[in-house]
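Student: Predicted model and sequence below, questions to follow.
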Amino acid sequence: VQLVESGGGLVQAGGSLRLSCAASGLTFIYYTMAWFRQAAGREREFVAQISVSGTTVDYADSTKGRFTISRDNGKNTVYLQMNSLKPEDTAVYYCRAQRISGGSSYWGQGTQVTVSS
């Protein structure tokens with residue numbers, strides 16, 4: 001199983017980025033997908049989650065209204081559209097695949113997002 005994130009980078013406050021996570025080696029439609037982030041010196045925290053069908057989404061309070069999670073089951077890819085970025089959004093962003101019914105989970109290697117003020 002491999003999860004490969006991309007799309008991170010350096011952006012000014014108020015800007016936007018779109019992260020992608022391409023999955024391989026698993027049956028994508030059996031997995032709930034989520035994004036987490038970890039800032040330097042802090043614990044990894046939940047950002048957003050999307051159900052297998054894409055009809056149910058959930059967000060951390062800090063990202064609600066600014067971030068949008070989506071998935072393309074035909075491309076085995078999950079996305080995170082990040083708008084109105086703030087310096088406090090600076091972190092390494094990770095995607096996670098969680099098999100439904102409490103099965104295995106997998107993590108990507110992360111992509112750095114840096115928001116300058």
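Tutor: Nice, I can see it. Please read all numbers here as calculations on a predicted model, not as lab measurements.
Student: who does the most centrally placed residue in the chain bridge with?
Tutor: With distances taken as C-alpha atoms, centre = their mean, W35 lies nearest the centre of the chain, 2.8 Å away. Legend: beta-bridge partners of W35 under DSSP bridges are A48, C95.
Student: Please report how far it lies from E88.
Tutor: 16 Å (C-beta to C-beta, to the nearest Å). Just so you know, the C-beta spots here come from the backbone N, C-alpha and C atoms, and that holds for glycine as well.
Student: same deal with R37?
Tutor: Taken as C-beta to C-beta, the span from R37 to E88 is 10 Å.
Student: Tell me which of those two has more neighbours.
Tutor: Neighbours were counted for R37 and for E88 using other C-beta atoms under 10 Å; R37 has more, 23 against 11.
Student: A strand includes the more buried one, no?
Tutor: Yes - the assignment for R37 by DSSP: H, G, I helix; E, B strand; the rest coil puts it in a strand.
Student: hang on, the earlier thing: I'd say the residue nearest to the centre of the chain and A91 touch.
Tutor: No - at 10.4 Å, W35 and A91 do not qualify as touching, with contact defined as C-beta atoms under 8 Å.
Student: Can you verify E88 is assigned to a helix?
Tutor: Yes - assessed with three-state DSSP, E88 lies in a helix.
Student: Which residues are in contact with Y79?
Tutor: 18-21, 69-72 (C-beta atoms under 8 Å, 6 or more residues apart in numbering).
Student: So which of the residues you listed are in strands?
Tutor: Mapping the contacts of Y79 onto strands (DSSP state E) picks out 18-21, 69-72.
Student: buried subset of the contacts of Y79?
Tutor: Buried members of the contacts of Y79, counted by 16 or more other C-beta atoms under 10 Å: 19-21, 69, 71.
Student: Can you add pLDDT and distance to V52 and give those back as JSON lines?
Tutor: Below are the buried ones among the contacts of Y79 laid out as JSON lines (pLDDT from 0 to 100; distance: C-beta to C-beta, whole Å):
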{"residue": "L19", "pLDDT": "98", "distance to V52": "19"}
{"residue": "S20", "pLDDT": "98", "distance to V52": "18"}
{"residue": "C21", "pLDDT": "98", "distance to V52": "15"}
{"residue": "I69", "pLDDT": "98", "distance to V52": "13"}
{"residue": "R71", "pLDDT": "98", "distance to V52": "8"}
